[in-house]
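Participant: show me how the following folds:
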Amino acid sequence: MVLNLRRAAITGGVLALTATGLGSQPKSTPEAQHIEIVASRFSFAPNEITVKKGVPVTISVRSTDVTHGLFIEAFGVKTTNIKKDRPEDLTMVPQTAGTFQGKCAHFCGKGHGSMIFTVHVVE
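Facilitator: As a prediction, the model looks like this:
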């Protein structure tokens, strides 16, 4: 009788732990964001984006005219060879909230210096 009570107590404890383990679901990974950017002399469209901290972001950059690039130092993102109608994907996971600047990373003509890109990272 005592043995059956011990078995029942152990079985109940194991079932309770199993149920607790099953009830706690792992945190889901945030869905990645995809943003398309068009580069043309001498701007990006859109030239500002807002993304969430900790959420993966893929930026597809396409040129409509000459070779361009995109450099966002804060995220370690840099490409210098975005050719006309050949999009390039850049992926980043922003870890800090704030406003960050990017720019064209391939000299594309007289107005090259005005090709500024802004990334707003929110919580």
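Participant: would you map the helices across the protein?
Facilitator: Along the chain, counting by DSSP state H, helices occupy 2-23.
Participant: below-threshold pLDDT in it: ranges please.
Facilitator: In the predicted model, the chain carries pLDDT under 70 at residues 1-29.
Participant: which parts of it are strands?
Facilitator: 33-40, 43-45, 48-52, 57-63, 68-72, 77-82, 88-92, 98-103, 116-122 (DSSP state E).
Participant: packing partners for the fourth one?
Facilitator: Contact here means 3 or more Cβ pairs under 8 Å, 6 or more residues apart in numbering; DSSP states H and E; on that basis strand 57-63 packs against strand 33-40, strand 68-72, strand 77-82, strand 88-92. C-beta here means a position set from N, CA and C on the backbone, and glycine is covered the same way.
Participant: and those as JSON lines, adding distance to residue 53?
Facilitator: Conversion of the helices and strands packed on strand 57-63 to JSON lines gives the following (distance: least, Cβ to Cβ, whole Å):
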{"stretch": "strand 33-40", "distance to residue 53": "12"}
{"stretch": "strand 68-72", "distance to residue 53": "15"}
{"stretch": "strand 77-82", "distance to residue 53": "16"}
{"stretch": "strand 88-92", "distance to residue 53": "11"}
